[in-house]
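*Asks:* model this:
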Amino acid sequence: MYPTTRVFLKDDNGDKFFGEGPCRLLEGIERTGSLRAAAQEMQMAYTKALHLLKHAEETLGFPLTERTIGGKGGGGSRLTAEARDFVKKYKTYRDACYQANLEIYRTVFREETQENDCRHFISHANIEEDRQRLSPQTKAESGSHCPALQTNSIEKKASDTPKPKYPKLACVLMASGLGQRFGSNKLMAPFHGEPLICRILNATDSSLFSCRVVVTRYPEIAGLCEEMGIRAVLHSFPYRNDTVRLGVEAVCDDSPSSDAPPLPDGCMFCACDQPLLSRETVERMARAFLDEPQFIYRLAHGGTPGNPIIFPKEHFPALRDLPQEKGGAYVAKSFPQQVRLIEAASAMELRDIDTSEDLTLLERIISD
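*Replies:* Next up, the predicted model:
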């Protein structure tokens with residue numbers, strides 16, 4: 001059982017005039033400079049987008065967009081100062097409603113949420129027990145795993161399990177790529193005046209995450225994260241599956257010390273070379289998971305899935321034991337009925353950087 005929050009505003013006639021749809025539309029106009037382009041990104045008919053905009057303007061009593069002149073496209077649209085202020089207030093109100101609902105839910109349904117957490121704890125211990133029975137491991141190997149995933153956890157009484165902070169979504173930032181096609185550590189390459197990795201660090205800087213962990217093979221990235229107060233796991237393992245495993249182990253051990261720290265309810269895995277991924281999209285994915293944490297969520301565009309990916313904690317054992325050179329998509333493809341796609345505002349949000357030419361192109365897109 002989980003709470004769900006939907007925040008929208010109504011006019012004096014009781015009709016909805018503003019919510020997540022119009023908010024995303026306005027953000028798209030500000031980003032693309034065009035109502036038509038913003039509507040296309042959302043796969044919305046232009047006439048519907050125009051109607052939403054006019055309804056909101058009539059209700060609010062001020063214009064939300066203004067025309068711009070010139071540029072390679074011959075002009076376009078941008079948000080008015082009043083619109084930017086209104087969007088900011090709506091998002092502040094929406095987030096406050098979301099957090100307040102969670103606090104009320106925890107208070108009113110305290111016994112039910114504790115019972116639900118106990119059921120999750122026992123079921124995940126059983127998953128690990130079955131996995132170890134099918135794939136025996138040495139005692140030394142199992143000793144490196146998350147304490148909460150050990151088979152002896154099943155012997156603990158439900159009443160002895162620690163009370164988790166609920167809900168809890170962790171975030172792992174994977175910064176271990178070799179950058180062979182780029183020719184150097186691309187994540188430290190300058191991008192609009194700062195290292196490229198700062199883009200994803202800013203996009204994931206959200207109170208919706210209980211913790212963030214950067215997994216990297218580069219000391220300079222670890223040092224940058226330390227300066228920013230972000231935990232970094234520095235390693236020298238060679239493969240992609242090693243990065244995922246270290247990330248899972250890190251977020252499992254990020255809880256206060258105890259005999260069996262509670263697992264996060266889920267974890268978002270982000271590649272660090274998607275500089276146009278926005279905080280709004282990251283938070284939209286996080287809210288979708290926190291509303292319904294039984295699903296796997298993947299960012300997509302036009303129905304084509306990409307990164308980031310959010311996994312419920314039931315998949316942590318599989319993520320920790322991925323085949324060599326496989327990533328999270330390997331697990332997601334094994335459970336297609338559980339996957340929910342979150343449509344990106346733009347295909348560019350999923351675009352990653354492999355070469356220096358890619359970096360130059362995306363910098364030009366932002367500048368334009």
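*Asks:* burial count for the residue lying closest to Lys313 once chain neighbours are set aside?
*Replies:* With sequence-adjacent residues excluded and distances taken as CB to CB, 6 or more residues apart in numbering, Lys313 is closest to Leu263, at 4.5 Å. No exception for glycine: its C-beta is placed from N, CA and C like everyone else's. Neighbour count of Leu263, defined by other CB atoms under 10 Å: 26.
*Asks:* that's a helix at Leu263, yeah?
*Replies:* No: under DSSP: H, G, I helix; E, B strand; the rest coil, Leu263 falls outside any helix and is assigned coil.
*Asks:* would you agree it is in contact with Glu249?
*Replies:* No: using CB atoms under 8 Å, Leu263 makes no contact with Glu249, being 11.4 Å away.
*Asks:* domains for the protein, by residue range?
*Replies:* According to automatic domain parsing, the chain comprises the domains 9-105, 162-367.
*Asks:* shaky segments in this protein?
*Replies:* 1-4, 69-75, 102, 110-167, 179, 254-262, 367-368 (pLDDT under 70).
*Asks:* the longest helix seen in it - contacts with which helices or strands?
*Replies:* Ranked by residue count, the top helix of the chain under DSSP state H comes out as helix 81-108. Judged by 3 or more CB pairs under 8 Å, 6 or more residues apart in numbering; DSSP states H and E, helix 81-108 is in contact with helix 20-32.
*Asks:* burial check on the residue lying closest to Ser356 once chain neighbours are set aside, number of neighbours?
*Replies:* Of all residues not flanking Ser356 in the chain, Phe182 sits nearest, at 6.2 Å (CB to CB, 6+ apart). Neighbourhood size, Phe182 [other CB under 10 Å]: 20.
*Asks:* check which helix or strand Phe182 maps to.
*Replies:* For Phe182, there is no helix or strand it lies in under DSSP states H and E.
*Asks:* and it, what is it in contact with?
*Replies:* Ala189, Ile353, Asp354, Thr355, Ser356, Leu359 (CB atoms under 8 Å, 6 or more residues apart in numbering).
*Asks:* quick check: phi and psi on it?
*Replies:* phi -80, psi -30 (degrees, to the nearest 10).
*Asks:* can you count the residues close to Tyr218?
*Replies:* 19.
*Asks:* show me the contacts for it.
*Replies:* Ala175, Ser176, Asn185, Leu187, Met188, Leu234.
*Asks:* can we see that at 10 Å?
*Replies:* Tyr218 makes contact with Ala175, Ser176, Gly177, Gly179, Asn185, Leu187, Met188, Ile197, Leu224, Ala232, Leu234, according to CB atoms under 10 Å, 6 or more residues apart in numbering.
*Asks:* measure it to Val244 for me?
*Replies:* 17 Å (CB to CB, to the nearest Å).
*Asks:* now do Ala222
*Replies:* 18 Å.
*Asks:* compare the two (neighbour count), which wins?
*Replies:* Just comparing Ala222 and Val244: by other CB under 10 Å the higher neighbour count belongs to Val244, 27 against 20.
*Asks:* the helix or strand harbouring the more buried one: what's the following helix or strand?
*Replies:* If you go by DSSP H and E, Val244 is part of helix 240-252. Remark: after helix 240-252, the chain's next helix or strand is strand 266-271, criterion DSSP H and E.
*Asks:* got the buried residues for the helix or strand just after that next one?
*Replies:* Next in sequence after strand 266-271, counting helices and strands by DSSP H and E, comes helix 279-291. For helix 279-291, a neighbour-count test (16 or more other CB atoms under 10 Å) marks Glu280, Thr281, Val282, Glu283, Arg284, Met285, Ala286, Arg287, Phe289, Leu290 as buried.
*Asks:* how about the third one, what does it touch?
*Replies:* So that's Val282. By CB under 10 Å, 6+ apart, the neighbours of Val282 are 171, 200, 202-206, 208-209, 268, 270, 299, 308, 342, 349.
*Asks:* would you check how far apart it and Arg199 are?
*Replies:* Taking CB to CB, one finds Val282 at 11 Å from Arg199.
*Asks:* how about the last one?
*Replies:* When CB to CB is the yardstick, Leu290 and Arg199 sit 24 Å from each other.
*Asks:* now the fourth one
*Replies:* In this view, Glu283 and Arg199 are 15 Å apart by CB to CB.
*Asks:* could you find the closest non-adjacent residue to Gly28?
*Replies:* Ala38 (3.0 Å).
*Asks:* buried ones in the helix or strand harbouring the one you found?
*Replies:* Assigned by DSSP H and E, Ala38 belongs to helix 35-41. Judged by neighbour count (16+ other CB under 10 Å), helix 35-41 contains these buried residues: Leu35, Ala37, Ala38, Ala39, Gln40, Glu41.
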